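Peer 1: Based on what follows, work out the 3D shape:
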Amino acid sequence: MRGFILAIAVSLMAQVSLSAPYGGNSSGIPKPSEFKKLERQYQANIRASLGLHGCTKKTIRIRKSWDDLDIATRTDYVRAVKCLASKPAIVDKSLAPGAVNRLDDFVYIHDNQTNRIHISGPFLPWHRIYVWQMEEALRNECGYKGTIPYWDQARFSQDPLKSKVFDNSSFGGNGEYLPNDHGPYDILIPGLAINFTTTYPAGTGGGCVKDGPFANFQVSLGPTVQRAGDKFGFQSNPRCLKRNFNFEASTESLTWDNAIKILEEPDIASFYWSLENLWHVKSHQFLGKDGLDLFTSPNDPIFYLLHSQIDRLWAIWQGQDLEERTFAITGNRTFFGIPLDTAPNVPPSNATIEDVMDLGYGFRPKVKEGMPMTSGGRCYMYE
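Peer 2: Numbers count the residues shown, from 1 in each chain. Coordinates of the predicted model:
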């Protein structure tokens, strides 16, 4: 009954408050007091921990909601993303023959590790380092001065297109509606020792993005379907960026109520599964098409804002008790613990913080190196 009442409340709030002021410059469903309390505790604990390992109050970077950035910063972020898309790929072409540009380099790194970094213990720390690597590339290679913002879905859960993420100056909107190609889709996950099929839900588009700076944006790697001789989509496959918005994923799941539920989980296992089922998968389902492909979802530039938000939720949960939660881990070493087809007889085993991850180009940090926000070469927090 409580959940039903909260759901009604969220719906009513959405109808009356989408145009209400938020954070001084933005709009959205107001942030509940329960979330604010958790956020304040996280921020206070992070600030109290600064001054160690080279991360100080002067050097820490602040990641903000895309909807709270001024238009100049949003414009510069888009410029920097397109700048990376204009630079040649550096990945070994024997590994990813289809990689064209620096964005494809990042797609390849994710694609190549997918069955080890999803539904597994390394999921959160691997993606934390990965998003940081993209932030560093935007800054060091394309002159961007800011951080990777986050897509604050809960503020616009009942009408996600009200978010500035999807306006014509940012990432654009849905894909063109295709009557016969917008789902649902049954997808066989490659690289596993067993046949594992998942279903991607139907959406409201399916075709090329036609508006905003990424209209008809060209991607090359993927999609990950069973194409002859190209199991993981590493070969060249030039095409437009596609989206297939599934609004139910947002209205039913990406809500403040669920965000609070995730953050109030008492242990890492409960937190991880709530985050995965209520937020991570639903965020990708909302985008659909390129943004939903398990292996090559970084083809959609929104991916990095989506995973900055995932990282933010983890950061706030960790920040309630940094001593106990920073290095908490749960999960297997592979996707659902299923053996890889390259090692079909290896039994499932639990991941540990001493395990080594692969983030490309010989960079192989341990899981524990990807868990703090303010050490290991990183220095950032969320507001």
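
Peer 1: ok, which stretches of this structure are strands?
Peer 2: 61-63, 175-177, 185-188, 197-200, 206-209, 218-219, 239-240, 380-382 (DSSP state E).

Peer 1: deepest of the ones you listed, which one?
Peer 2: strand 380-382 (a mean of 22; mean count of other C-beta atoms under 10 Å). Just so you know, the C-beta spots here come from the backbone N, C-alpha and C atoms, and that holds for glycine as well.

Peer 1: what's that strand packed up against?
Peer 2: helix 33-49, strand 61-63, helix 303-318 (3 or more C-beta pairs under 8 Å, 6 or more residues apart in numbering; DSSP states H and E).

Peer 1: try 6 Å this time
Peer 2: Counting contacts by 3 or more C-beta pairs under 6 Å, 6 or more residues apart in numbering; DSSP states H and E, strand 380-382 packs against strand 61-63.

Peer 1: what lines up beside the strand it packs on in the sheet?
Peer 2: The strands that strand 61-63 pairs with in its sheet are strand 380-382 (parallel) (by DSSP bridges).

Peer 1: To what extent is the closest residue to residue 108 other than its chain neighbours buried, counted in neighbours?
Peer 2: Using C-beta to C-beta, 6 or more residues apart in numbering and skipping the chain neighbours, the partner closest in space to residue 108 is residue 96 (4.2 Å). Neighbour count of residue 96, defined by other C-beta atoms under 10 Å: 24.

Peer 1: now swap in residue 49 and tell me
Peer 2: Number of residues near residue 49 (other C-beta under 10 Å) recorded here: 18.

Peer 1: Not counting residues beside it along the chain, what's closest to it?
Peer 2: Distances taken as C-beta to C-beta, 6+ apart place residue 322 nearest to residue 49, at 6.0 Å, with adjacent residues excluded.

Peer 1: That neighbour against residue 46, yeah?
Peer 2: No. Assessed by C-beta atoms under 6 Å, residue 322 is found out of contact with residue 46, at 7.6 Å.

Peer 1: Compare neighbour counts for those two and give me the winner.
Peer 2: Between residue 322 and residue 46, residue 46 has the larger neighbour count (other C-beta under 10 Å), namely 22 against 17.

Peer 1: I'd like to know how far the more buried one sits from residue 364.
Peer 2: From residue 46 across to residue 364, the span is 27 Å (C-beta to C-beta, to the nearest Å).

Peer 1: try residue 281
Peer 2: Residue 281 is 28 Å from residue 364, by C-beta to C-beta.

Peer 1: And for residue 159?
Peer 2: In terms of C-beta to C-beta, residue 159 sits 43 Å off from residue 364.

Peer 1: between those two, which one's more packed in?
Peer 2: Neighbours were counted for residue 159 and for residue 364 using other C-beta under 10 Å; residue 159 has more, 15 against 11.

Peer 1: do you know how far that one is from residue 136?
Peer 2: 34 Å.

Peer 1: where in the stretch 51-200 of the chain is pLDDT low?
Peer 2: Across the stretch 51-200 of the chain, the ranges flagged by pLDDT under 70 are 52-53.

Peer 1: ranges for the helices of the stretch 1-150 of the chain?
Peer 2: Secondary structure of the stretch 1-150 of the chain by DSSP state H, counting those that start in this stretch: the helices cover 2-17, 33-49, 71-86, 102-117, 123-142.

Peer 1: now the stretch 201-350 of the chain
Peer 2: Using DSSP H, counting those that start in this stretch, helices in the stretch 201-350 of the chain cover 247-253, 256-263, 268-275, 281-287, 303-318, 322-325.

Peer 1: So for residue 210, which of the ones you listed sits nearest?
Peer 2: Nearest to residue 210, of all the helices of the stretch 201-350 of the chain, is helix 281-287, at 15.4 Å by C-beta to C-beta.
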